[in-house]
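Asks: sequence first, predicted coordinates after that:
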Amino acid sequence: MKDQKDYKILIADDEPDILEFVTYNLIKEGYQVSTARNGMEAVEKAKEVQPHLILLDIMMPELDGVEVCRELRSQPEFEHTIIAFLTARSEDYSQIVGFEVGGDDYITKPIRPRVLISRIAALLRRYNNNPQEEGEQIRVGDLLIDKERVLVIRGEEEIALAKKEFELLCLLASKPGKVFAREEIFKNVWGNDVIVGNRTIDVHIRKIREKIGEYYIKTIKGIGYKFEF
């Protein structure tokens, strides 16, 4: 496991006071911190320093945080970088858009330093909890997901899932801790050309929980689901 001093964090915000305040608190915790004052600068600085985690304000000049996230996620080198939005906007639709473009978390202002530090520490733990992919198998926590046999194995127990249940579990388990918005789940599991009811995801989640246990998939009210272990 890395020490905090090994983690690089990029903060992008056009408010100097916020930038200074967050930088101070993260450096005090031992993190390596870089900053950017607008979206374009954030993209350039991310390419330069290759941070483990990026805190993005949404309302920035030149390129807003959503577009910065979309741009970075389109590049393979940032596929596994943790991106969290730091913003005064708390509406559900803003959060949904943020998760749809690949954001991992959504932290609202005003900033409470202890909460912010705690959230960042939790996000960075993903680096040490990433699922291990072994060919057609994903090992995550005490589960082994066998894509070739379409089976989930927990200990000595083999658990059979229906095709869409299995695909949904694979998606969530591919990034433990990441919140998947409902629209993102629909797109990845059912595709854009298939019309399904609003309750389809909920029904599949319920069936997965009945088979593998209640503790792996957490509901994020109004947004979607995430896998935890």
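Replies: Noted; the coordinates are in hand. Numbering: from 1, shown residues only.
Asks: show me what residue 84 is bridged to.
Replies: When bridges are called by DSSP bridges, residue 84 pairs up with residue 55, residue 105.
Asks: burial count for it?
Replies: Look at residue 84: counted by other CB atoms under 10 Å, it has 21 neighbours. Using the backbone N, CA and C atoms, a C-beta is placed for each residue, glycine as well.
Asks: quick check, residue 178 in a helix?
Replies: No: counting by DSSP: H, G, I helix; E, B strand; the rest coil, residue 178 is not part of a helix but coil.
Asks: how close does it sit to residue 218?
Replies: 11 Å (CB to CB, to the nearest Å).
Asks: show me the residue at the heart of the chain, geometrically.
Replies: Nearest to the mean C-alpha position of the chain, by CA atoms, centre = their mean, lies residue 104 at 2.5 Å.
Asks: tell me where this protein is predicted with low confidence.
Replies: The chain contains residues with pLDDT under 70 at 1-2, 4, 90-92, 126-135, 193-194.
Asks: how far does stretch 98-118 sit from the chain's center?
Replies: 11 Å (CA atoms, centre = their mean, to the nearest Å).
Asks: just give the nearest non-adjacent residue to residue 227, would you?
Replies: Once flanking residues are discounted, residue 227 sits nearest to residue 172: 4.0 Å by CB to CB, 6 or more residues apart in numbering.
Asks: ok, the one you found to residue 224 distance?
Replies: Noted for residue 172: a distance of 9 Å to residue 224, by CB to CB.
Asks: now do residue 139
Replies: Taking CB to CB, one finds residue 139 at 24 Å from residue 224.
Asks: between the two, tell me which one has more neighbours.
Replies: Taking other CB under 10 Å, residue 139 and residue 224 do not tie; residue 224 has more neighbours (24 against 15).
Asks: gap between that one and residue 122?
Replies: According to CB to CB, residue 224 and residue 122 sit 18 Å apart.
Asks: residue 155 too?
Replies: The gap separating residue 155 from residue 122 is 27 Å, by CB to CB.
Asks: out of the two, which sits in the more crowded spot?
Replies: Set side by side, residue 155 and residue 122 show more neighbours around residue 122, with 11 against 8, by other CB under 10 Å.
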